[in-house]
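Chemist: build me a model from this:
(one chain, ligands or ions: 1)
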Amino acid sequence: MDITKDIRYLGVNDHKIDLFESQYIVPDGMSYNSYLIDGGDKTIVMDTVDGRFVSEWLDNLASALNGRKPDYLMVHHMEPDHSAGIYAFMEKYQDAVIVSSAKAFQMMKNFFGTDWSERRVVVKEGDTLSVGSHVLTFVAAPMVHWPEVMVTYDTTEKVLFTADGFGKFGALDREGEWDDEARRYYIGIVGKYGPMVQCLLKKASKLEITKILPLHGPVLSQDLGHYISLYDKWSSYTPEEDSVTIAYTSVYGHTREAVKLLEEKLKAKGVKFTTFDLARSDMAQAVASAFKTSKTVLATTTYNGDIFPYMREYVEHLTERNFQKRKVAIIENGSWGPMAAKVITSMMEKSKEIEWLGTATILSALNESSSSQIEEIADALSK
Ligand code: FEO
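Modeler: Sure, this is the predicted structure:
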């Protein structure tokens, strides 16, 4: 597949994977992208692929090279979904040289027992490399998503190779709207590192970019402003829309009844919401939703003097990703000693700019008093 006049796609689709990074469901599979830049008298390969697909990737490369030999392998990111093929590549192409950051070479030594000290070019922020007719500039992107990460700007064709940045769940042979699966990917995997992504976006804003070439998901070539604007919102923890994420756990259905009452009241007020039963939903989707919307309701039971395990896990996912700048309400249920509000507020103590919209306390089942507290929460959410 040709991406531009000189850039070919070498990547693979993975439909066999059960959980990406051993935790994220990927119903539409996953792509591991890799590219070849053909600069005429020199060529460079941009990253490798996951270990289960190295042989397929080497075949793709051989076919794109059409009898030639590659001069360079650029390694943007050492996570094994992109780096697993380095050793096989270096064995097959004995004259090739690896280009990467100093940190990445340290990781190569850890992963492969060698950093190919005789066959390497160490690059840092601002360095350039001529690959035939193409001049590449390297940009440091630490913690997007590991510390060694670099991105590469091809000044000749004005395209940006963004490593995990602008990646998306889903294989390339499946149709799929970008925003939802890119958000779930970003919030799950890179969400903690917003300030570092902001820093990269700032550097990228100085470049004229015609295409974004990530290591997962489609090449982006139309309406780049849309994708960059979403990345700006996600990495600055700015809500995408004024709506509500309702996340709940319920053991015997009484907390669910309270959530249903809240839903009815929100519907009547014309407030948009999305609800997740945390025991039965994709946790990553529920987490991503809280970062999309401006308001969150956490409804849960007291459990062993704490909160129900799925809610504890959910709040931990939020806080470890720096959940902030949001309005939050709590519905707590406890038959003899409701603890959820106390536990949740303490778990979110360090979360910045959280505006608490109130708590409804249910003692076992809804009654007049708790129903009226839910009405008050619905009022606050509608403002
Ligand atoms: Fe797709 Fe951080 O690896």
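Chemist: max-length strand in the chain?
Modeler: For the chain, the longest strand by residue count, based on DSSP state E, is strand 293-303.
Chemist: now whatever residue of the stretch 151-300 of the chain ends up closest to the ligand. Nearest residue, chain neighbours left out?
Modeler: Residue nearest to the ligand within the stretch 151-300 of the chain: Asp164 (4.4 Å; C-beta to the nearest ligand atom). C-beta here means a position set from N, CA and C on the backbone, and glycine is covered the same way. Leaving out its chain neighbours, the residue that sits closest to Asp164 by C-beta to C-beta, 6 or more residues apart in numbering is His145, at 4.7 Å.
Chemist: then Leu200?
Modeler: According to C-beta to C-beta, 6+ apart, the nearest residue to Leu200 is Ala141 (4.8 Å).
Chemist: how about the one you found, what does it touch?
Modeler: Counting by C-beta atoms under 8 Å, 6 or more residues apart in numbering, Ala141 touches Val149, Met150, Val151, Thr162, Ala163, Gly165, Met196, Leu200.
Chemist: who does the helix or strand where Tyr314 lies touch, helix- and strand-wise?
Modeler: Secondary structure from DSSP states H and E places Tyr314 in helix 309-320. On a contact count with 3 or more C-beta pairs under 8 Å, 6 or more residues apart in numbering; DSSP states H and E, helix 309-320 meets strand 241-248, helix 283-292, strand 293-303, helix 340-347.
Chemist: can you map out the helices along the stretch 151-300 of the chain?
Modeler: Assigned helices in the stretch 151-300 of the chain, in chain order: 178-189, 194-204, 224-235, 254-269, 283-292 (criterion: DSSP state H, counting those that start in this stretch).
Chemist: from the ones you listed, which stretch is densest packed?
Modeler: Ranked by mean neighbour count, these are led by helix 283-292 with a mean of 23 (mean count of other C-beta atoms under 10 Å).
Chemist: would you mind listing what in the stretch 101-250 of the chain touches the ligand?
Modeler: His145, Asp164, Leu215, His216 (C-beta under 6 Å from any ligand atom).
Chemist: from those, which is closest to Pro338?
Modeler: Comparing those against Pro338 with C-beta to C-beta picks out His145 as the nearest, at 38.7 Å.
Chemist: is it true that that closest one touches His76?
Modeler: No - using C-beta atoms under 8 Å, His145 is not in contact with His76; the gap is 10.8 Å.
Chemist: start and end of stretch 261-277, how far apart?
Modeler: 15 Å (C-alpha to C-alpha, to the nearest Å).
Chemist: begin at 710 from here
Modeler: Sure, I'll start numbering at 710, so the last one becomes stretch 970-986.
Chemist: which residues does it contact?
Modeler: Residues contacting stretch 970-986 (C-beta under 8 Å, 6+ apart): 950-959, 965, 968, 994-995, 998, 1002, 1006, 1008, 1040, 1075, 1080, 1083-1084, 1086-1088, 1090-1091.
Chemist: just the buried residues out of the residues you listed, in PyMOL syntax.
Modeler: Command for PyMOL, covering only those of those found buried under the criterion 16 or more other C-beta atoms under 10 Å:
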select buried, resi 952+953+954+955+956+957+958+959+965+968+994+995+998+1002+1006+1008+1040+1075+1080+1083+1086+1087+1090
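Chemist: OK, now which residue of the chain is nearest to the ligand?
Modeler: Closest point on the chain to the ligand, by C-beta to the nearest ligand atom, is Glu788, at 3.5 Å.
Chemist: excluding covalently adjacent residues, which one is nearest to the residue nearest the centre of the chain?
Modeler: The centroid of the chain falls nearest to Tyr895 when counting by C-alpha atoms, centre = their mean (1.7 Å). Nearest non-adjacent residue to Tyr895, counting by C-beta to C-beta, 6+ apart: Trp943, 5.4 Å away.
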